[in-house]
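Engineer: got a structure for you, letters missing:
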């Protein structure tokens, strides 16, 4: 029996189903004035790069890229030499959701290690140490962690620091895939200090600083902790197809997102919406939801026909079919009314 | 002595120094309504793909990509098997201006053949025929031609047809890099019929249909003549990092560009501006300009100090330093006043 | 306290520490007569390829390669398209012991699945089925199994057939890494019928048929079940650096190894030696050896100082340091005296 | 009309159609004693590596590989970073005869520059200098030259020194592909001093030191001028599939080839045979042979039916079909009688 209630205007499918924040779109409009040299030789790019230096209070080098997979491949490609490998969690986007891009484009191997709650553990990282120095094994050279993780969890700042220390002791560099870095910053403190503590101050060497999921149209930023890490980045960005000609249109978005910490605000909105949704549905025991979401996604249990009925009414993705888990994800623009309506639909299918 | 005249508002540096056409920006704004599923499962993408079918009057498959280099790598990657190679002109963007992306990402070799006026000749193409069948040589499998070429020239429709026939006889497929396809269509007839005659009707198998240079913000389209050529394209697009999550923002731009053949109109404007500029400066004999530009670029001779003086006043790129050639390129938004002003500056430095 | 007994003449380090069988060396000598065209256009290669057809009683195509890693990369490279992946056990040589060659050279991803006793299980293989059809995931296209496995275990013929059936049902091809195929054939029946049942009759599509470990000097054979699988193999062999110019020197070795099933005899000798060693030491309870070796390796527990004392006297490799396991491996040339002497040394260090 | 004279026992097809020198085969036999650790941890490898240090009177690092294509790919792979390219002649084996191995395996681009007599010229090398520093172009990083060249010509020691100086000034390293280094050394002086002057003393950084064509069974050596260049070579060798398990069988061959400069002697024999052949046929004007061969190949003009008749009687390869050129190549084992007989056949078909 279909749901006849009014469906939410904005779905709970993904934060990349959301559009762009109005400030971002306005920045695009403003950047569309006259001519500007291509490939980043423009005032928007210079200003955005300066904004990142202020944001991190550090002499970072920021290179813009097109998308998440490309930014990861580009960032890792700057850090790796032949016969070197990347250590990651089994759930890492770079190994599971990027169709083998890293293997194909930068010829590296991804070493998946033991993972708890979507996070690499120190034990997992240590498990590859014995490979070092043997010519028969690919050499671990970079640890990549995702913050917030693909499972909607968070590394604490201490956990990141411990992993960075261990990685550095082993001779590895650390990359942080921050496709949802805005959500993570918002959840762990919500200030620039949080961001700094969570990344370069903790020892991270390179950050993929996501823009698309937190209100952008397109474009990601790769931020290097130190200029020497970025020394050959301009060549590698172009070779990995991530150099946009009309660069100002990416830079202008980031200028807007960093202005008054807009990105943190947008991340906070998505997180708050997820918390609000959790609060409203956690009492529904069939959903098997016990833990407050760390950022912006819930993974309730839901079985047919309730699941299908709800999906037809307001689409969301299956997560783990074997475990009957689905994913409900909020975005920067999820409104109280959206939540209200969605909860009403959920209650109806659960009640049946 | 610097030029004290008012400089043109829009430069003659490149068509990718231009911004986006107002219709394209408006389409972006309109596409920013509510939620839409990511990765192309959205109404804008469906409409844009249909618009391409109408445009070509053919059951084409259109896959959107981020940028020019990525679109080329993605398109070629769909056509190539291991140990196969791409035949191209020595000036081809894919071999000269893409920092080895094709070699790195799809592991192919680019076989540069004899080139006249920036164009592959039948003789050049034939010159690789003897490689076929020998295990010691990479096997030519795709011919790629650029229309309009990197040298600002055009293949005639007959030339394209002859090359396609020869390529197919040799067992090769044909890719057309249309980063400036709008200019080419405008120059060769200016109608959809021109486009069709110049591409699939002539035998081309896959087209990179450029959007960025003719008024877009970002995004390129790869158009396959037949569904079977695109069979694995969805996987290869993702693997080559060209799958945008918020796809509607690319699709909406193309919808706008194809609406009432806007792209042809924008291409025509750039071409007309170049013709107009040529007409006004061709009498200046030191510039050594004898041939009306085929599309939107002129390659005058210019030496220091005139060159530097002019560049400091209104920037443009050197082209062939050894030959003292520079490039002046118009864009869709070059105005009569821009030309007026630029010509005045040129006359002043030449006169000195 | 060092061991003062006479050490074995031949070690228990590895079967690749052994030299070549006398028949193989004699074949090399005989092949060194006069001139022969390079790259396989020679009588030895033609005869060896025919010998493989007889061996398998099937219209197989055999292509010789230089070494094990190269042969695997070459074989898999013939079966894979872009964005496709190889399913394997976590212990597979191709993923663990080849320094990322497959990722680098053929740009593929290796999907490690659950593994029992070094073997891929049907459940492990099934676990990747959900990846099929999604553009976000690399597409499983080949299952590779190693027979005998890297853990010294064997798939039964039924197990291989079941895996092949399942793989084919899922749309995958099957590659068998037979670096120690001689040992496997000897252990599972010891006849050509065994070999056929274990490989192509069970559904395997391509076999890496190892020669080096069973008495060769160098060279491996890649055997394709059907000519169409090998259609582009000559190009891919050269591109993956596996085409030897003086091919006759590989072919002649295989001619010798296949003559009167010499390879099976050599494999049997190594297996018998391992059984004999097991029989003599299994009563030594600290070694924790309970299961008769399937082929030619034992994995006893051994701790310092006993371990080091023994290794200094007659070298062998550590296997799993965390589990205090070492590996004792026999070869085609391990003699009863070697075993006698080694057992005496073992007994002495254990007794201490 | 077929030739009825007795054909030469050894052909003039290629030096890789020749067998192995007796000293090399004897070395293989001697190396087949007992067990030796795999992968180069054996006395033969240690001795051969020392022999190379003596040969070059320099602290070189020598790593053995399987074959010519693999050795080149391995050597270049040690020198290149992402987005870097190799400069070479249009005729270089690595670009023309290796089926795209370098592009596929190490993801590099080969920049073919102007070539005179099969040799890179300083002008050719300079022509890529303008690419340096631009993110749109792949960055030249290694110059590779072949000595003796694929056209049977030689760089003088001065020419090599000039190219190395220019390359180093441009920031490039230099690789020398010495598949026929024995012939080159023999032709340019015939002593160890010649070899040193021609390679590392002239500024070459890495040498592929060919063994197969000068009397080997298989195996090539990659010799690095300085240990730091070889720092990661062990990993890259394995990743590029060039690590032989039973390494002693390659090392023993090189020990034999370096013993009393045997390789120079073998190279000299081939050269002398070519000179002798030239002397005997240069008077036959239809062959259009005017220049004494620099090493071991002649490129006479020969047209059908004479050509086919001769090839059917004693095979050799076509070289440049358009120019009616064939190649006659001598080997270390070409005898006076072989030349006598071949010349008789040539005279007969020319006379007709």
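Structural biologist: Here it is on my side, so go on. The structure displayed is predicted, hence computed values, not measured ones.

Engineer: Do you know the pLDDT at residue A:352?
Structural biologist: Per-residue pLDDT puts residue A:352 at 66.

Engineer: need the residues of the stretch 101-250 of chain A near chain D, please.
Structural biologist: A:106-107, A:135-136, A:138-139, A:232, A:234-239, A:243 (CB under 8 Å from any CB of the partner chain). C-beta here means a position set from N, CA and C on the backbone, and glycine is covered the same way.

Engineer: Mind doing that once more with 7 Å?
Structural biologist: Listed as neighbours of chain D in the stretch 101-250 of chain A under the rule CB under 7 Å from any CB of the partner chain: A:107, A:135, A:136, A:139, A:232, A:234, A:235, A:236, A:238, A:239, A:243.

Engineer: And the host helix or strand of residue A:339, what's buried?
Structural biologist: Using DSSP states H and E, residue A:339 sits within helix A:336-351. Of the residues in helix A:336-351, A:338, A:339, A:341, A:342, A:343, A:345, A:346, A:348, A:349, A:350 count as buried by neighbour count, 16 or more other CB atoms under 10 Å in any protein chain shown.

Engineer: Could you double-check that the fifth one sits in contact with residue A:281?
Structural biologist: Which is residue A:343. Yes - between residue A:343 and residue A:281 there is a contact under CB atoms under 7 Å: 6.0 Å.

Engineer: which residues touch residue A:197?
Structural biologist: With contact set as CB atoms under 7 Å, 6 or more residues apart in numbering or on different chains, residue A:197 has these partners: residue A:157.

Engineer: measure it to chain B for me?
Structural biologist: Distance of residue A:197 to chain B, computed by CB to the nearest CB, to the nearest Å: 29 Å.

Engineer: try residue A:219
Structural biologist: 8 Å.

Engineer: Residue A:78 versus the spatially closest residue to that residue that is not a sequence neighbour, what's the distance?
Structural biologist: Excluding the flanking residues, the one nearest residue A:219 by CB to CB, 6 or more residues apart in numbering or on different chains is residue A:250, at 3.4 Å. Residue A:250 sits 18 Å away from residue A:78, taking CB to CB, to the nearest Å as the criterion.

Engineer: Check residue A:93 too.
Structural biologist: 18 Å.

Engineer: neighbour count winner among these two?
Structural biologist: residue A:78 (27 against 20; other CB atoms under 10 Å in any protein chain shown).

Engineer: Report the secondary structure state of the more buried one.
Structural biologist: For residue A:78, the assignment made with DSSP: H, G, I helix; E, B strand; the rest coil gives helix.

Engineer: Then the one 3 residues further on?
Structural biologist: Following three-state DSSP, the label given to residue A:81 is coil.

Engineer: confidence score at residue A:198?
Structural biologist: 98.

Engineer: For residue A:123, pull up the helix or strand it's in.
Structural biologist: helix A:122-126.

Engineer: Please name the nearest non-neighbouring residue to residue A:347.
Structural biologist: residue A:284 (7.1 Å).

Engineer: Which parts of the stretch 101-250 of chain A are helices?
Structural biologist: Ranges of helices in the stretch 101-250 of chain A, per DSSP state H, counting those that start in this stretch, are A:101-106, A:122-126, A:157-169, A:181-188, A:192-198, A:233-239, A:248-258.

Engineer: other SSEs contacting the longest one?
Structural biologist: So the one you mean is helix A:157-169. With contacts taken as 3 or more CB pairs under 7 Å, 6 or more residues apart in numbering or on different chains; DSSP states H and E, helix A:157-169 sits against helix A:122-126, strand A:139-146, helix A:192-198.

Engineer: now for the helix holding residue A:339, which elements pack on it?
Structural biologist: Applying 3+ CB pairs under 7 Å, 6+ apart, one finds that helix A:336-351 contacts helix A:262-281, helix A:306-313.

Engineer: okay, the ones you listed in TSV with distance to chain B, mean neighbour count and mean pLDDT next?
Structural biologist: Shown next, in TSV, are the helices and strands packed on helix A:336-351 (distance: least, CB to the nearest CB, whole Å; neighbours: other CB atoms under 10 Å in any protein chain shown; pLDDT from 0 to 100):
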stretch	distance to chain B	mean neighbour count	mean pLDDT
helix A:262-281	13	22	98
helix A:306-313	12	17	96
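
Engineer: between the ones you listed, which one is nearest to chain D?
Structural biologist: helix A:262-281 (27.4 Å; CB to the nearest CB).

Engineer: pretty sure residue A:168 contacts residue A:203?
Structural biologist: Yes - counting by CB under 7 Å, residue A:203 is a contact partner of residue A:168 at 6.3 Å.

Engineer: and residue A:200, how far is that from chain D?
Structural biologist: 24 Å.

Engineer: roughly how far is the helix holding residue A:339 from the heart of the chain?
Structural biologist: 27 Å (CA atoms, centre = their mean, to the nearest Å).

Engineer: cool, and stretch A:150-165?
Structural biologist: The answer for stretch A:150-165 is 14 Å, by CA atoms, centre = their mean.

Engineer: try stretch A:242-251
Structural biologist: That offset, for stretch A:242-251, works out to 20 Å (CA atoms, centre = their mean).

Engineer: And for that stretch, what's in contact with it?
Structural biologist: A:28, A:31, A:36, A:38-40, A:42, A:44-45, A:48, A:64-66, A:70-71, A:74, A:219, A:237, B:16, B:67, B:212, B:217-218, D:135.

Engineer: out of these, which are inside strands?
Structural biologist: Among the contacts of stretch A:242-251, the ones falling in strands (DSSP state E) are A:64, A:65.

Engineer: Can you tell me which of the residues of the stretch 101-250 of chain A next to chain D is nearest residue D:227?
Structural biologist: residue A:135 (15.9 Å; CB to CB).

Engineer: so who does the closest one touch?
Structural biologist: C:99, D:234, D:235, D:238, D:243.

Engineer: let's see 10 Å
Structural biologist: Going by CB atoms under 10 Å, 6 or more residues apart in numbering or on different chains, residue A:135 touches A:83, C:99, D:39-40, D:232-239, D:243.

Engineer: And for residue A:136?
Structural biologist: Residue A:136 sits in contact with C:69, C:93, C:96, C:97, C:98, C:99, D:39, D:234, D:235, D:238, D:243, where contact means CB under 10 Å, 6+ apart.

Engineer: The fourth one contacts residue C:88, correct?
Structural biologist: Just to be clear, that refers to residue C:97. No - between residue C:97 and residue C:88 there is no contact under CB atoms under 10 Å: 11.6 Å.

Engineer: Show me which of these two is the more surrounded one.
Structural biologist: Neighbour tally, residue C:97 and residue C:88, criterion other CB under 10 Å: the higher count belongs to residue C:88, 28 against 17.

Engineer: does the more buried one sit in a helix, a strand or a coil?
Structural biologist: Assignment for residue C:88 (three-state DSSP): strand.

Engineer: Please name the residues that touch the closest residue to residue A:33 other than its chain neighbours.
Structural biologist: Nearest residue to residue A:33, sequence neighbours excluded (CB to CB, 6+ apart): residue B:19, at 6.7 Å. For residue B:19, the contact set (CB under 10 Å, 6+ apart) comprises A:28-29, A:31-36, A:246, A:248-249, B:10, B:25, B:215-217, B:331-333.

Engineer: Do stretch A:226-238 and chain C come into contact?
Structural biologist: No - figure legend: stretch A:226-238 not in contact with chain C (CB under 10 Å from any CB of the partner chain); closest approach 16.5 Å.

Engineer: buried sites along that stretch?
Structural biologist: Those buried within stretch A:226-238 under the rule 16+ other CB under 10 Å are A:229, A:230, A:232, A:233, A:234, A:235, A:236, A:237, A:238.

Engineer: How about stretch A:295-308?
Structural biologist: So, applying 16+ other CB under 10 Å, buried residues of stretch A:295-308: A:295, A:296, A:297, A:298, A:299, A:300, A:301, A:302, A:306, A:307.

Engineer: Identify those among the residues you listed that sit within helices.
Structural biologist: Of those, the ones assigned to helices by DSSP state H are A:306, A:307.

Engineer: Narrow the buried residues of stretch A:295-308 to those in strands?
Structural biologist: A:297, A:298.
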